[in-house]
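**Q** Provided below for reference: sequence and predicted model.
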Amino acid sequence: MRIGIIGAMDEEIALYQAAMKKTTSSVRAGITYWEGILAGQNVVLCKSGVGKVNASVCTQILIDQYQVDRVIFTGVAGAVHPELEIGDIVVSTDCLQHDMDVTALGFQPGQIPYQEKWVWEADAELVRLAVRAGETIGGESRVIEGRILSGDQFLADREKVKRLYEQFSAHCTEMEGAAVAQVCAMNEIPFVIVRSMSDKADGSAHVNFVEFTKLAAERSFAIVSGMLQNMTPQSAQVIVYSTKGCIDCDLVKQYLKQRGIDHEVRDVMERQEYRDEVERFGFLGVPVTVVGDKAVKGYNPAELDQLLQKG
Ligand code: ADE
């Protein structure tokens, strides 16, 4: 499994960059993508830039070119819910664009014309992982599940925020989440948005944003790292029993490499215990690919797909 991690600004991705191992980078559409390992998971990190267009392009490239299976957006937001404080964390239940306004033609606020769907639900398992990770990071900040609004506007107006809260029952506002969410939904990729409050989107927002963004980004990073740690570790989880000069063994390794799946190779000619392990799965020859207590013999992409999805 590969997990795409997106932040909009340098401050939002700096801690991830520092913590990632075995990193390689490549550039697409002017966006740098860093592939590597973070907390035992295969991740692709990128900085989308600010706003919905940047976020959409970045997410589609993550999916198409880097074949991520999950997307986590991490960063800061302005609180909309009156009870939220700076430093609190919102894990998205769903997202929508507050600046999509075609009400003059009879559409609902936020509704994308001629589309049945304009509210994008986050993946329940990713939400659960984020909330669980949030419970263990300590400190004063609360972790709350809620609706995230996105728009190409930095909000710094108490009255406008009040209206948005009443209109959408939202928890916070930012400038990318709903775009990431929509692109993920259109591609059937599970996503979650994790935002720490840097301000209250009111008259002090610009001051608070500068003051608290670093701290808020640290909180988001702590949660996402916790999420990754609580996922089944990918590295060393997949074992390929193989031997030299075996074409199918090479094909299996190539298959895993192309998908960015970390794996351990065990040459059965090197150790009796490796041959015993293969036998325990009921096989005699190689390659044998193992995930947990399940195994696939030979090179069969459809069977491997199934094995790795279950793993
Ligand atoms: N990101 C952080 N604070 C924000 C605000 N007040 N409006 C929009 N995006 C934000």
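**A** On my side now, so go ahead.
**Q** what's near enough to touch the residue in the stretch 51-200 of the chain positioned nearest to the ligand?
**A** Taking CB to the nearest ligand atom, the ligand has its nearest neighbour within the stretch 51-200 of the chain at residue 78, 2.6 Å off. All C-beta spots, glycine's among them, are computed from the backbone N, C-alpha and C. The neighbours of residue 78, taking CB atoms under 8 Å, 6 or more residues apart in numbering as the test, are 154-156, 161, 172-174, 197-201, 205, 209.
**Q** now with 7 Å, please.
**A** Contact analysis of residue 78 by CB atoms under 7 Å, 6 or more residues apart in numbering lists 155, 172, 173, 199, 200, 201, 205.
**Q** quick one: the helix or strand residue 194 falls within near the ligand?
**A** Using DSSP states H and E, residue 194 maps to strand 191-199. Yes - applying CB under 6 Å from any ligand atom, one finds that strand 191-199 is in contact with the ligand at 198, 199.
**Q** distance of the closest residue in space to residue 76 that isn't next to it in sequence relative to residue 49?
**A** Nearest non-adjacent residue to residue 76, counting by CB to CB, 6 or more residues apart in numbering: residue 198, 3.9 Å away. As for residue 198, its distance to residue 49 is 18 Å (criterion: CB to CB, to the nearest Å).
**Q** which other helices and strands contact the lengthiest helix in the chain?
**A** In the chain, assigned by DSSP state H, the helix with the most residues is helix 205-230. Counting contacts by 3 or more CB pairs under 7 Å, 6 or more residues apart in numbering; DSSP states H and E, helix 205-230 packs against helix 10-19, strand 70-79, strand 89-97, helix 124-135, strand 191-199.
**Q** for residue 31, find the nearest of these.
**A** Across these, residue 31 has its closest neighbour in helix 10-19 (11.3 Å, CB to CB).
**Q** and the closest one, what does it pack against?
**A** strand 31-38, strand 41-47, strand 70-79, helix 205-230.
**Q** want to try TSV for the ones you listed, with mean pLDDT as columns?
**A** Converted to TSV, these look like this (pLDDT from 0 to 100):
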stretch	mean pLDDT
strand 31-38	93
strand 41-47	94
strand 70-79	95
helix 205-230	88
